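J.: Give me a model of this one.
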Amino acid sequence: MEEVKMRECTTDLHLLLTPQQWVAVHEALSANTCAGVEISAVYAQELSFACEPDNMLVTHFEQQEGRVPLAEVLHRVVVLSKTSRELKDLTVAIVEVIATTVDSHLYWYGTSSLGHSDPYSASACSL
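T.: Numbers count the residues shown, from 1 in each chain. Have a look, this model is predicted:
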């Protein structure tokens, strides 16, 4: 039987969440409840709408909800983990954990990559 190799990965997501939703998301990710994924760290930053006035999450939210995001805050969330999953499957698994904690439609985009990246390396416009 072939041994499954665990690889270090980084999942970098942008999420549009209320502060209460973020607390629940952080707790869920910190509890490491993602099957087949060993989450070692979760980093988050709030991003300013002023720096990205045409943010696609904000635009999509406005189209779907019929209003501008008032209570919702744009977050950049970086999850460092080890897994044997394919990168696409890793992203889906982490987003599924997040989606189960949010009682409304989840507005997100992001990707996973091999290796552990600096969670603050691409953080433009953080608050």
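
J.: need the helices for the protein, in chain order.
T.: 19-30, 56-65, 87-101 (DSSP state H).

J.: closest one to Thr11 among these?
T.: helix 87-101 (5.1 Å; C-beta to C-beta). For glycine as for every other residue, the C-beta is placed from the backbone atoms N, C-alpha and C.

J.: what helices or strands is the closest one leaning on?
T.: strand 7-17, helix 19-30, strand 37-47, strand 73-83, strand 107-114 (3 or more C-beta pairs under 8 Å, 6 or more residues apart in numbering; DSSP states H and E).

J.: Tabulate those (JSON lines), appending distance to Thr59.
T.: Listed next are these as JSON lines, based on distance: least, C-beta to C-beta, whole Å:
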{"stretch": "strand 7-17", "distance to Thr59": "11"}
{"stretch": "helix 19-30", "distance to Thr59": "20"}
{"stretch": "strand 37-47", "distance to Thr59": "15"}
{"stretch": "strand 73-83", "distance to Thr59": "12"}
{"stretch": "strand 107-114", "distance to Thr59": "10"}
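
J.: what pLDDT does the nearest residue to Lys5 once chain neighbours are set aside get?
T.: Closest residue to Lys5 apart from its sequence neighbours, by C-beta to C-beta, 6 or more residues apart in numbering: Ser84 at 6.2 Å. The score at Ser84 is 94. That number is its pLDDT.

J.: again with the one 10 residues further on
T.: At Ile94, the pLDDT value in this model is 95.

J.: Name the residues linked to the closest residue to it other than its chain neighbours by a beta bridge.
T.: Leaving aside its sequence neighbours, Ile94 sits nearest to Thr11 (C-beta to C-beta, 6+ apart; 5.1 Å). Residues in a beta bridge with Thr11, per DSSP bridges, are Val79, Ser112.

J.: before we move on, back to that, right, so of the helices of the chain, which gets closest to Ser112?
T.: Taking C-beta to C-beta, helix 87-101 is the member of these nearest to Ser112, at 4.4 Å.

J.: got the angle between that closest one and strand 107-114?
T.: 140 degrees (axes from the mean of the first three to the mean of the last three C-alpha atoms, to 10 degrees).

J.: show me what contacts the nearest residue to Ser117 once chain neighbours are set aside?
T.: The spatial neighbour of Ser117 that comes closest, neighbours along the chain excluded (C-beta to C-beta, 6+ apart), is Thr10 at 4.2 Å. If a contact means C-beta atoms under 8 Å, 6 or more residues apart in numbering, then Thr10 has Val78, Val79, Leu80, Ser81, Ser112, Ser113, Leu114, Gly115, His116, Ser117, Pro119 as its contacts.
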